[in-house]
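1. Sequence and predicted structure, then a few things I'm wondering about:
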Amino acid sequence: MIATMIQQLMKDATLEELKENGLIGYYTQHKNANFPIDASGVPFTSAYIEATGDYWADLESDMAAEQRARVTYENLMNQTSDPDVLGPLSFLRQREVVHYNRFKELRDYYLNKFNR
């Protein structure tokens, strides 16, 4: 969703506007294509996906990932007043809250079940 929003926001940008905003390098390589990178320009890689094989560690990592995603959406929301951008970001932020709560419920259930 984020990549689509960015593409929609940039679709009518001129080359001059892209240059002024430091995006000409992205345009040079990808034009208007969705190419997942982080805010520093580092491309996505599956190396970021964590799995240890330990149920408890992976569950805690999943919970932390949901919190990091929530904070990222909040930081993006702080940078705009555009309701067409805020609406989807608000949905995504709330989705992370729900995911975190479901993971927490599962963790709490198993903590009680196994007396950990």
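-> Perfect, thanks for sending it. Residues are numbered from 1 along each chain as shown.

2. In contact with the most centrally placed residue in the chain, which residues are there?
-> Note on the chain: the residue nearest the mean C-alpha position is Ala69, at 5.0 Å, using C-alpha atoms, centre = their mean. Each residue near Ala69 by C-beta atoms under 8 Å, 6 or more residues apart in numbering is listed here: Leu92, Glu96. In short, each C-beta sits where N, CA and C put it, glycine included.

3. tell me which element it is part of?
-> helix 55-77 (DSSP states H and E).

4. Which is the succeeding secondary structure element to that helix?
-> Downstream of helix 55-77 (by DSSP H and E), the next one is helix 83-113.

5. Could you list every helix and strand in contact with that next one?
-> With contacts defined as 3 or more C-beta pairs under 8 Å, 6 or more residues apart in numbering; DSSP states H and E, the packing partners of helix 83-113 are helix 2-10, helix 55-77.

6. List the buried residues in it.
-> For helix 83-113, burial by neighbour count (16 or more other C-beta atoms under 10 Å) applies to Val85, Leu89, Leu92, Arg93, Glu96, His99, Tyr100, Phe103, Arg107.

7. what does stretch 22-29 give?
-> Those would be Tyr26, for stretch 22-29 by 16+ other C-beta under 10 Å.

8. Which residue ranges make up each domain of this structure?
-> 1-49, 52-116 (automatic domain parsing).

9. still on that earlier bit, now render the helices and strands packed on helix 83-113 as a markdown table, adding mean pLDDT and distance to Glu20.
-> Written out in a markdown table, the entries for these read as follows (pLDDT from 0 to 100; distance: least, C-beta to C-beta, whole Å):
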| stretch | mean pLDDT | distance to Glu20 |
| --- | --- | --- |
| helix 2-10 | 80 | 13 |
| helix 55-77 | 93 | 21 |
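
10. coming back round to it: the domains of the chain: lowest mean pLDDT?
-> Out of the domains of the chain, domain 1-49 stands lowest, with a mean of 82 (criterion: mean pLDDT).

11. distance between it and the chain's centre?
-> When distances are taken as C-alpha atoms, centre = their mean, to the nearest Å, domain 1-49 is centred 14 Å away from the chain's centroid.
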